[in-house]
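Asks: I would like to see how this sequence folds:
(chains A and B)
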Number of protein chains: 2
Amino acid sequence: MTAERPDLDALMEGFDAGRIGALARAISWFENGHAQAGEVHAHAWPRIGKAWRTGVTGPPGAGKSTLVNALTGHWQQLGRRTALLAVDPSSPLSGGALLGDRVRMDREEVEKVFVRSMASRGSLGGLSIAAGAAADLIDAFGFEELVLETVGVGQAEVDIASAADTTIVVLTPASGDGVQAMKAGLMEVADLFVVNKADTAGAPLLQNELEGMLELRAAGAAQPRVLTTIALRGEGIAELAAAIEQHRAASLADGSLARRRKERALARVKRLVVEGLRTQLWADEPTRARAEAALLGGARPDAVAAELVRQLFGRRGGA
Amino acid sequence: MTAERPDLDALMEGFDAGRIGALARAISWFENGHAQAGEVHAHAWPRIGKAWRTGVTGPPGAGKSTLVNALTGHWQQLGRRTALLAVDPSSPLSGGALLGDRVRMDREEVEKVFVRSMASRGSLGGLSIAAGAAADLIDAFGFEELVLETVGVGQAEVDIASAADTTIVVLTPASGDGVQAMKAGLMEVADLFVVNKADTAGAPLLQNELEGMLELRAAGAAQPRVLTTIALRGEGIAELAAAIEQHRAASLADGSLARRRKERALARVKRLVVEGLRTQLWADEPTRARAEAALLGGARPDAVAAELVRQLFGRRGGA
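Replies: Modelled structure (predicted):
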C-alpha cells in the first residue's frame, strides 16, 4: 500500500479521466488478484448503479455471441455507450472459442463497443467475484448498456448471468429444448426468453413449449416473455432491445430492481465470505493441526468438517 | 432418522451383502442430498482404503473415454474387481456425451466393470463432495481398481481427478499441447502423462515437449513418466497399467501415499466446511439482517464480507 501506491494513484486518475486503458488495467487487477484491486473498487463504488446490466446465457450453439454482437451493435448505433463482458468459466485448455468469436466485433458499426473477456484462472467462485467487480468498474466508468455474456449454462455461468438487471436465456431447437432449460434452472432466472435461429425447424414448437411451461407458473408473478430472433440477419434485435427497455421500466416502477440489486449485493457478500474461508481455513495453524490430528485418529472428514462448522457458527453469536 | 430408518437399514444390509443395487442407490443418495447419506458413508468408512484410485483427466477430445474403457477392460480381464466413476461438472444442458460414451462399455469383455456417471446438479463444490463420497462407497464395497474420470479440465475436474492415488493426464497433439497443460495446472497434479493417439502427427513432438518441461522441475522430486498409447487399438494399455502399478508400489514404499491420503482428507474437510458456510450463512437471521442493513447504509459488499470473515475467524480462537 506504500511502494505500489503510485500505480494505484495513476490508475485511479486514468479511470476518472475516462481513459479506457485504465479501465482495462483495473479489470486485469481483479482477474490477477492484485493486492490493491479492492481499493480501485472502493474508489469506483460511489459511481455505480447507472449502467443497465443485461445478462445473456444459454447452451453452447444457441448463437449467443451473434445475438450479443447484434444487440450491442444496435445500442451503439443509437449512440448509447455500450460494453460487453464475456465470461468463460471453462479452463484455458477447452476455452478459446469465445475470444475467437470476438473477432466479429471488429466490424465498423460496433468497433466502439468496449469488449472484455474473462476466463477462469483459479476457482469458479473467484471468477464470479472478479466478474462482478469488473461489471461494477464498467458501470462506474460511465457505460450505459452492459451485457454480461457467459459460455454454456453450468452453475457458474447461471450465477454470473443472473447477476444482472435483466437476464436473457437464449435457446434454439437444436441446442436444448425447454424441458432441458427447466432442468438447468434457467426457467427461474430468465426475465426474457429468446428463441434464436427462429427460421429453423422446431422453432415454433420450442416457443409454444416455453410459453406453455411459463403459464404453469404462479399466475401472480410477472411472466417472462418469449421472443424470436434470427440474430445472424439482425431480425428481432430491435424488438429484443425494446423488451429489455420494457423490463427495465417495469423493474423500476414496481420496486423489483431495488430488491434485485440488494439480493445481488448479498450474493456477492456470501461469495466473498466463502472465498475468504476457502483461502484462510488452513492458514490458521491450530485449526489445521486439530483437523489433522482428528483425521489421524480415524475420524471421518465429514465429522471433522461438521465440528469445524459448529465452531465457526457457534462462537460467532457469543462475542 | 426414525421414519426413514427402515430404508437406511435395508440399504446398509444390501451394501454389506455385496448387492450392486445397494451401492448404486447409496451413490444416488449422495447425488440427491438424501438426509441419511452421511450415515451410509459412516457405515462404509471403516472399510475404505483398499481400492486403488486412478484419476484420469485431460482436455475434451484426448480420447479419455476410450483409454479408460481399455484400461478398465484390461484390469477386468486380469480378474480384478474394477469400477469407473465418471464425473461431469458441466450442466445437464451441455452434458450427455459422457453417458453416450458408456454404451461402449457393454462389450462382453468389460461388462462386469461397475460404471457410474455423476453430473453436476447444483454447486460444483457439492459435486466434488458427492463424488468423493461415491468413491469411498465403491472402495468400501470391495472394488480393487477405481478409475475417476472427468470430462474437460476445469478447476472442478482437476480437483476431482487429482483426488486419486495415481493421477493420469491424457493429452494428444490435437487437443492441447504441453504449454497449455502447464497453464491449466495439470503439470502439478500428474503422476503419469499419456500421449494418446500416438500414431497422429505431432505426437513425438508433444512427448519431447512434456519430457523437456518435466526436466526443468526440481531434480529431487519424483518425475512423472510420459507414456504413449493408441487406446482405440489397445496399444500401450498394458504398459500404462504396469506404470500405475509401479507408481503404486513407489507411493507405498516412500510414504507419499499416506501423505496424499491425509491431504485428500483435509481437502474434503475444507470443501465440506465451505459448503456448510455456503448453505448456512444466510440461514442465520441476525447475520443476514446485519449484512442487509450495512448494504442499505451504502457499504460495499466487499467491506461487509471482510467484516463477516473477521467475525467468523476472530471469535473462533476465543472459546
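Asks: contacts for stretch A:275-294 next, please.
Replies: By Cβ atoms under 8 Å, 6 or more residues apart in numbering or on different chains, the residues outside stretch A:275-294 that reach it are A:123, A:125-126, A:129, A:303-304, A:307-308, A:312, B:262, B:266, B:269-270, B:273-274, B:277, B:305-306, B:309, B:312-313, B:316-317. Heads up, the C-betas are built off the backbone N, CA and C, glycines and all.
Asks: now, of those, which are buried?
Replies: Buried residues within these, defined by neighbour count using 16 or more other Cβ atoms under 10 Å in any protein chain shown: A:123, A:125-126, A:129, A:303-304, A:307-308, A:312, B:266, B:269-270, B:273-274, B:277, B:305-306, B:309, B:312-313, B:316.
Asks: filter the residues you listed down to the ones in helices?
Replies: A:125-126, A:129, A:303-304, A:307-308, A:312, B:266, B:269-270, B:273-274, B:277, B:305-306, B:309, B:312-313 (DSSP state H).
Asks: quick one: the helices in chain A, in order.
Replies: Going by DSSP H, chain A shows helices at A:5-16, A:20-31, A:37-44, A:64-77, A:97-101, A:124-141, A:155-162, A:178-183, A:186-189, A:203-215, A:237-253, A:256-280, A:285-296, A:301-314.
Asks: what residues does the residue lying closest to A:Gly21 once chain neighbours are set aside make contact with?
Replies: Nearest non-adjacent residue to A:Gly21, counting by Cβ to Cβ, 6 or more residues apart in numbering or on different chains: A:Gly14, 6.7 Å away. The contact partners of A:Gly14, taken as Cβ under 8 Å, 6+ apart, are A:21-22, A:25.
Asks: apply 10 Å and report the result again.
Replies: Applying Cβ atoms under 10 Å, 6 or more residues apart in numbering or on different chains, we find A:Gly14 in contact with A:20-23, A:25-26.
Asks: now do A:Val269
Replies: B:281-282, B:287-288, B:291-292, B:294-295, B:299-308.
Asks: and the contacts of A:Gly14 as CSV, adding distance to B:Val115?
Replies: Output for the contacts of A:Gly14, formatted as CSV (distance: Cβ to Cβ, whole Å):
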residue, distance to B:Val115
A:Ile20, 52
A:Gly21, 53
A:Ala22, 53
A:Leu23, 50
A:Arg25, 49
A:Ala26, 48
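Asks: now those: which count as buried?
Replies: A:22-23, A:25-26.
Asks: buried residues in stretch A:68-80?
Replies: A:68-76.
Asks: scratch that, stretch A:141-151
Replies: Here stretch A:141-151 shows A:141, A:143, A:145-151 as buried, counting by 16+ other Cβ under 10 Å.
Asks: just those that are near chain B?
Replies: A:Val151 (Cβ under 10 Å from any Cβ of the partner chain).
Asks: tell me which residue is most central in chain A.
Replies: In chain A, the centroid-proximal residue (Cα atoms, centre = their mean) is A:Ile160; its distance is 2.6 Å.
Asks: hmm, A:Arg264 and it touching each other?
Replies: No. Using Cβ atoms under 10 Å, A:Ile160 is not in contact with A:Arg264, being 11.2 Å away.
Asks: need the residues touching each of the two.
Replies: Among the neighbours of A:Ile160, those also in contact with A:Arg264 (Cβ under 10 Å, 6+ apart) are A:132, A:135.
Asks: tell me the one of the buried residues of stretch A:141-151 nearest chain B?
Replies: Taking Cβ to the nearest Cβ as the measure, chain B lies nearest A:Val151 of the buried residues of stretch A:141-151, at 9.3 Å.
Asks: which residue packs closest to the closest one, ignoring adjacent ones?
Replies: Closest to A:Val151 by Cβ to Cβ, 6+ apart is A:Asp88, at 4.7 Å.
Asks: ok, now A:Ala305?
Replies: Leaving aside its sequence neighbours, A:Ala305 is closest to B:Leu272 (3.4 Å, by Cβ to Cβ, 6+ apart).
Asks: circling back to that earlier point, tell me the most buried of the helices of chain A?
Replies: helix A:155-162 (a mean of 26; mean count of other Cβ atoms under 10 Å in any protein chain shown).
Asks: could you figure out how far it is turned away from helix B:155-162?
Replies: 170 degrees (axes from the mean of the first three to the mean of the last three Cα atoms, to 10 degrees).
Asks: and helix A:155-162, how far out from the chain middle?
Replies: Chain-centre distance of helix A:155-162: 6 Å, with Cα atoms, centre = their mean, to the nearest Å.
Asks: relative orientation of that helix and helix A:124-141 in degrees?
Replies: 20 degrees.
Asks: so for stretch A:277-286, mean pLDDT?
Replies: Averaging pLDDT along stretch A:277-286 yields 86.
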